[in-house]
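Asks: mind looking at a prediction? Sequence and model below.
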Protein chains: 2
Amino acid sequence: MTRTSPDIRVAVSTVIFTLRPAAGGAALSLPLVRRTRDPFEGRWALPGGWLDPDEGLDAAAARTLAETTGLAPNYLEQLYAFGDVDRSPSRVVSIIYWALLRHDLVDQQRAAHAAAGTAPENVQWFDADSLPELAFDHNAIVDYALWRLRNKVGYSRIAHGLLPDEFTLADLREVYESILSRKLDPANFRRQVEATGTLIPTDRFRTGSHRPARLYRYDGAVELAARGPISTPDSTNRNEER
Amino acid sequence: MTRTSPDIRVAVSTVIFTLRPAAGGAALSLPLVRRTRDPFEGRWALPGGWLDPDEGLDAAAARTLAETTGLAPNYLEQLYAFGDVDRSPSRVVSIIYWALLRHDLVDQQRAAHAAAGTAPENVQWFDADSLPELAFDHNAIVDYALWRLRNKVGYSRIAHGLLPDEFTLADLREVYESILSRKLDPANFRRQVEATGTLIPTDRFRTGSHRPARLYRYDGAVELAARGPISTPDSTNRNEER
DNA sequence: TCAAAAGTGTTCTGATTACACCCATGG
DNA sequence: CCATGGGTGTAATCAGAACACTTTTGA
């Protein structure tokens, strides 16, 4: 414990997903930032930045995400710390977070930034299953985040992080189907989510297509994902691998 | 992305468990190191050290664990990055690993170090469920590692990381019972682990008590735990050799 | 021969699956 | 009235839990 580590820098980046409406279901997509600096200039990279000496990791993830993309996530959780020696020309340890954002808020936040004249530069959304070659080891990082998302949707309620306050069971099912890339039986899906007891039926219905579908909302008192003994610092949840 | 992070240091520490034989089952225990320096001097802390600029995170965990305790784990996995501003007087981001070590190797490695005159100083083993007040936020970290271990034993084969090459089903069941702190039905346990197809029966038996029990070994080709698209760098993460 | 652990068989129950069927609305 | 998705019913299947029972050894 005598050595210090002076020439190692700590960065924080975030893989933030939303569910973009698309023909034949929805598509997972994420924002990337085009690099304007030396290593991998011109390549797309995850939004992020350097860790500030006076802020915690969670706060740094939220801050750098806001600074680079203008986005504020509905769900935020640490993913993994990547620190291979050769992952960057200089020595960088990257604490990676992954996050979820409701698509209606993507539009809303974009509109707000446009009105305020603070629209972020060099940001573009990509479909998660057809990414270009990214800077650093960011392709592998996105793969890992996708794996974690698909895993976690099976045993937690994180799907909520992609839905507005009120939604139909078909909406919720579409989130699952998009993430898992397979169809689910509507009848069984209904019974399963009803059995969890975390869905609260409203007396409102969505009309317009055919038979109106009841709108539900989530019980806000229930956590989005089972957490271990790690305390949740702020409103955006923090969680861990299963 | 303009700021650098000069006065943040990166440490790597490891929560390494073994299963100590005890009256009425086995007990999870872990080694701690008594601090001889300023912050929390005299308190027990997790083994660890500073990250070297020219080594990866996994390598740093293995190295600092060996330097402080003389131990080489059977299983090693990153747990979480802790980086709250106030977790240490100076700003330190700690990449925490958790690990498993077979108890017979604990004794073996200790004997080897004693013979070589390199016995580690200031190291002591503690029962995981009765720890003293540790330095920094290390109590919370151990709680988290225990939570992860108990979770993971339910859906992976990490129990193998605590057993020698050949073992009886009763040995394996005792590992599960110790970690989960509850008794398991021997009949159902047998069928469940047999159904996984990862256990290879040998033609040897352990005699001595009552009816001899067949010895099994694990299929070395199968990973100890599914870790998604993250590659396993070196042999410490892999299964034990045959 | 007896105690105790190894190992097998059987039943019960709850969760998951598959799918038939009815309901309500817009066009 | 009919196509379509919303919503209910039900039987088959599967995994896990509980526990009775047989086998094999040391003492």
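Replies: In hand now; what should we look at? Numbering: from 1, shown residues only, chains lettered A, B, ... in the order given.
Asks: give the buried residues for the helix-or-strand element of chain A with minimal mean pLDDT.
Replies: Every helix and strand of chain A was ranked by mean pLDDT, DSSP states H and E. The lowest is helix A:103-116, at a mean of 90. Neighbour counts over helix A:103-116 (16 or more other CB atoms under 10 Å in any protein chain shown) mark A:103, A:105-106, A:109-110 as buried. Quick note: C-beta positions are derived from backbone N, CA and C, even for glycine.
Asks: which other helices and strands contact it?
Replies: For helix A:103-116, the packing partners by 3 or more CB pairs under 8 Å, 6 or more residues apart in numbering or on different chains; DSSP states H and E come out as strand A:9-22.
Asks: and the next helix or strand past the strand it packs on?
Replies: strand A:25-34 (DSSP states H and E).
Asks: residue contacts, residue A:174?
Replies: Contacts for residue A:174 (CB atoms under 8 Å, 6 or more residues apart in numbering or on different chains) come out as A:19, A:25-26.
Asks: what of residue A:27?
Replies: Contacts of residue A:27 by CB under 8 Å, 6+ apart are A:19-20, A:127-129, A:178.
Asks: buried subset of these?
Replies: A:19-20, A:128, A:178.
Asks: go through these and say which is closest to residue B:134.
Replies: residue A:128 (40.6 Å; CB to CB).
Asks: for the buried ones among the contacts of residue A:27, give me JSON lines that also has pLDDT and distance to chain B.
Replies: Below are the buried ones among the contacts of residue A:27 laid out as JSON lines (pLDDT from 0 to 100; distance: CB to the nearest CB, whole Å):
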{"residue": "A:19", "pLDDT": "96", "distance to chain B": "21"}
{"residue": "A:20", "pLDDT": "93", "distance to chain B": "23"}
{"residue": "A:128", "pLDDT": "96", "distance to chain B": "13"}
{"residue": "A:178", "pLDDT": "95", "distance to chain B": "19"}
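Asks: could you dump the contacts of residue A:27 to JSON lines with distance to DNA strand C?
Replies: Below are these laid out as JSON lines (distance: CB to the nearest atom of the strand, whole Å):
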{"residue": "A:19", "distance to DNA strand C": "22"}
{"residue": "A:20", "distance to DNA strand C": "24"}
{"residue": "A:127", "distance to DNA strand C": "27"}
{"residue": "A:128", "distance to DNA strand C": "24"}
{"residue": "A:129", "distance to DNA strand C": "23"}
{"residue": "A:178", "distance to DNA strand C": "17"}
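Asks: out of the residues you listed, what pair is the most spread apart?
Replies: The most widely separated members of the contacts of residue A:27, counting by CB to CB, are A:19 and A:129 (12.8 Å).
Asks: now for those two: what residues contact both?
Replies: A:27-28.
Asks: look up how far chain B lies from residue A:26.
Replies: 23 Å (CB to the nearest CB, to the nearest Å).
Asks: can you check residue A:216 too?
Replies: 29 Å.
Asks: tell me the pLDDT of residue A:29.
Replies: With respect to pLDDT, residue A:29 scores 97.
Asks: identify the residues contacting it.
Replies: Here residue A:29 is in contact with A:17-20, A:125-128 (CB under 8 Å, 6+ apart).
Asks: how about a cut-off of 6 Å?
Replies: Counting by CB atoms under 6 Å, 6 or more residues apart in numbering or on different chains, residue A:29 touches A:20, A:125, A:127.
Asks: per-domain residue ranges of chain A.
Replies: A:1-152, A:157-226 (automatic domain parsing).
Asks: does the shortest one reach DNA strand D?
Replies: Yes. Contact between domain A:157-226 and DNA strand D is present through A:168-170, A:186-188, A:190, A:205, A:209-214 (criterion: CB under 7 Å from any atom of the strand).
Asks: now do the contacts for residue A:217.
Replies: A:165-166, A:200.
Asks: do that again at 8 Å, thanks
Replies: Contacts of residue A:217 (CB under 8 Å, 6+ apart): A:165-167, A:199-200, A:202.
Asks: appreciated, that's everything.
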